[in-house]
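In: whatever this is, show me its structure:
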Amino acid sequence: TELNKEMLKRAANIPFKDLSIVFRSRIDDEKSTILGKGLLKEMGMTAEELYEKVKEISAGTYTITPLWQTALDKMRNDMDMPEAFVTEIEKELEKEPVYIITNQNGKDGAIAMTDTDILDKAAAMLKTDRLSVIPSSVHDIIVMPAEMIDKKYLLDMVKQINRESIILEERLSDNIYGYDSRTKELEMYQQPEKIIQRDRNR
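Out: All right, here's what the predicted structure looks like:
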């Protein structure tokens with residue numbers, strides 16, 4: 001939200017933690033346009049009503065994939081490695097209980113973090129009640145058991161990856177989130193204020 005104040009003045013949106021949910025009309029596989037407040041008004045709908053319709057349509061379109069599988073598929077595509085070597089790597093990586101959640105086309109899939117049904121499914125797959133939810137980019141989120149990694153380490157990691165690997169237009173948040181499947185609540189864990197302030201002054 002902080003990075004998109006001007007855009008949000010025109011765009012139909014719903015505040016969500018430190019983020020804002022916006023709506024995109026898909027033009028083709030690569031292009032989309034953000035829905036404006038004026039168009040939504042012409043449709044006779046509120047942003048909340050549109051969100052519920054989109055959520056209903058999107059049910060069943062999310063994918064939950066082991067992160068190691070995604071990395072391994074990329075290695076297979078980008079590198080010419082013996083299959084036996086890949087198999088050995090797979091045996092080691094599949095022990096890591098970390099999943100990536102996105103939608104079927106891999107575009108703007110981070111909206112999954114607003115859907116308790118998909119988070120509950122991920123928690124069940126990971127055999128835990130509590131998840132750490134990492135905003136990888138606007139396209140996907142990463143989830144893991146909350147007790148797996150220290151929150152401070154995750155915050156530092158997300159901040160570093162955002163600065164080094166994610167373009168500004170696809171950056172979601174420097175903060176991380178914790179989800180409890182028993183209460184259906186998503187809690188935000190913020191970067192320390194002094195770090196946020198230092199960034200603003202750069």
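In: what about the protein, any weak spots by pLDDT?
Out: Within the chain, the stretches with pLDDT under 70 are 70-95, 191-202.
In: output the contacting helices and strands for the strand ranked longest in it.
Out: Counting residues, the longest strand in the chain under DSSP state E turns out to be strand 130-137. Where contact means 3 or more C-beta pairs under 8 Å, 6 or more residues apart in numbering; DSSP states H and E, strand 130-137 is packed against helix 116-125, strand 140-145, helix 151-165, strand 176-180. All C-beta spots, glycine's among them, are computed from the backbone N, C-alpha and C.
In: that one pairs with which strands, parallel or anti?
Out: strand 140-145 (antiparallel), strand 176-180 (antiparallel) (DSSP bridges).
In: any idea of the angle it forms with helix 116-125?
Out: Interaxial angle of strand 130-137 relative to helix 116-125 (axes from the mean of the first three to the mean of the last three C-alpha atoms, to 10 degrees): 120 degrees.
In: now what about strand 130-137, what contacts it?
Out: Contact with strand 130-137 is made by 19, 100, 110, 113, 119, 122-123, 141-149, 151, 154, 158, 166, 170-173, 175-181, 186, as judged by C-beta atoms under 8 Å, 6 or more residues apart in numbering.
In: helices of this protein, start to end?
Out: 5-10, 37-42, 47-58, 67-78, 83-93, 116-125, 151-165, 193-200 (DSSP state H).
In: in the second one, which residues are buried?
Out: Going back to what we said before, that points to helix 37-42. Within helix 37-42, the residues that count as buried by 16 or more other C-beta atoms under 10 Å are residue 40.
In: could I have the CA atoms of the longest strand of the chain written out in CSV?
Out: Extracted C-alpha coordinates of strand 130-137, given in CSV (Å, rounded to 0.1, in the frame of the first residue of the first chain):
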residue,chain,number,x,y,z
ARG,A,130,0.6,-22.6,12.2
LEU,A,131,2.2,-21.4,9.1
SER,A,132,4.8,-18.8,8.3
VAL,A,133,3.6,-17.0,5.1
ILE,A,134,6.3,-15.3,3.1
PRO,A,135,5.3,-12.8,0.3
SER,A,136,7.6,-13.9,-2.4
SER,A,137,6.2,-11.5,-5.0
